[in-house]
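Colleague: can you look at this prediction? I've put the sequence above it.
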Amino acid sequence: MKTLIVISPEVTCGSEAFPLFDAKGNYVAGQTRMQAAVRVYKKYPKATLVMVGGCILDEHGKVFRRAKIMTAFMRSCCPLADVREVHTLPCTFHNFCGIFEQNPELLHGEVGLVSNNYHQERALLMWQMAAKRYCHVMELPTAFFPAEEFVCAKAQQARFSVEYKRRLHLEREGLAHLKGGLYTDKCLNNHRLLAALSAVSSLRHLVPETA
Ligand SMILES: [Zn+2]
């Protein structure tokens, strides 16, 4: 495996935590995803680890970079790893666009994706959408490494089943929207975020010209 891409989990602004639930109470299990990345890396220690993270706004309207927190976590768990940080717009589609655009050299060879189990189908479809836009890259990654959601289930037995079912329901809805051409990319309507990114010289390139 040449490259292992860890798809951006939720990160709580101002902390180093990858929460189990997002602000709306949806199951996201970021910690489980990051732990899966450590486990997969140990199988492929020569791989370059790519922490692709969305930029979001914190409560003060300042740009917060999820990839920085992901990188810090990965370096603390795997000090010898070659870890790269890629900053993008927040959604999974734009996570991939960011890599295709900024680091295409990482995609020449075997590429693995790490994310949560529930995310697999939608992530692979978004990869295809992004690959279509940057047609010089492969259509699908070599492998998808899903996090073991049920590790989490043990600790969260009471809430887990309800929340996880809800998550799967949301994923199915999201997939149907994607397949039906009804998907709206929230990043592109987030004018506050786009304005804040335009004001940071190192992130200005993330703002689409059409926005
Ligand atoms: Zn997006």
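Modeller: Good, I have the coordinates. Numbering: from 1, shown residues only.

Colleague: the longest helix belonging to the chain: what's the following helix or strand?
Modeller: Ranked by residue count, the top helix of the chain under DSSP state H comes out as helix 157-179. Using DSSP states H and E, the helix or strand that follows helix 157-179 towards the C-terminus is helix 186-189.

Colleague: briefly note if that following helix comes near the ion.
Modeller: Yes. Judged by Cβ under 5 Å from the ion, helix 186-189 and the ion are in contact via residue 187. All C-beta spots, glycine's among them, are computed from the backbone N, C-alpha and C.

Colleague: buried sites along that helix?
Modeller: 187-188 (16 or more other Cβ atoms under 10 Å).

Colleague: got a list of what residue 111 touches?
Modeller: Applying Cβ atoms under 8 Å, 6 or more residues apart in numbering to residue 111 gives the contacts 1-5, 138, 141-143.

Colleague: hmm, I typed the wrong one, I wanted residue 106.
Modeller: 2-3, 5, 48, 50, 84, 99.

Colleague: just those residues: which are in helices?
Modeller: Among the contacts of residue 106, the members falling in helices (DSSP H) are residue 99.

Colleague: before we move on, the earlier item: report the buried members of the contacts of residue 111.
Modeller: Judged by 16+ other Cβ under 10 Å, buried ones among the contacts of residue 111: 1-5, 141.

Colleague: spell out which residues of this protein are next to the ion.
Modeller: So far as Cβ under 5 Å from the ion goes, the chain lies against the ion at 89, 91, 94, 185, 187.

Colleague: so what does the longest helix of the chain touch, helix or strand wise?
Modeller: Counting contacts by 3 or more Cβ pairs under 8 Å, 6 or more residues apart in numbering; DSSP states H and E, helix 157-179 packs against helix 120-133, helix 149-155.

Colleague: other residues contacting stretch 8-27?
Modeller: In contact with stretch 8-27 (Cβ under 8 Å, 6+ apart) are residues 28-34, 51-54, 56, 58-59, 64, 66-67, 69-70, 72-73, 88, 90, 92, 95, 116, 118, 152, 156, 160, 163-164, 166-167, 170.

Colleague: are any of these buried, and if so which?
Modeller: Buried among these by 16+ other Cβ under 10 Å: 28-34, 51-54, 56, 64, 66-67, 69-70, 73, 88, 90, 92, 95, 116, 118, 152, 160, 163-164, 167.

Colleague: what about stretch 3-14, how long is it end to end?
Modeller: One end of stretch 3-14 to the other measures 29 Å (Cα to Cα, to the nearest Å).

Colleague: show me the shaky parts of the protein.
Modeller: 16, 136-139, 150-160, 211 (pLDDT under 70).

Colleague: dump the longest strand belonging to it to CSV, restricted to CA.
Modeller: The residue-count maximum for a strand in the chain (DSSP state E) belongs to strand 48-57. Once non-C-alpha atoms are left out, strand 48-57 reads as follows in CSV (Å, rounded to 0.1, in the frame of the first residue of the first chain):
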residue,chain,number,x,y,z
THR,A,48,2.3,7.5,3.5
LEU,A,49,-0.6,8.5,5.7
VAL,A,50,-2.7,11.3,4.3
MET,A,51,-4.8,13.2,6.8
VAL,A,52,-7.4,14.9,4.7
GLY,A,53,-9.4,17.3,6.8
GLY,A,54,-12.1,19.9,6.2
CYS,A,55,-11.7,23.5,7.3
ILE,A,56,-14.7,24.7,9.3
LEU,A,57,-15.4,27.9,11.3
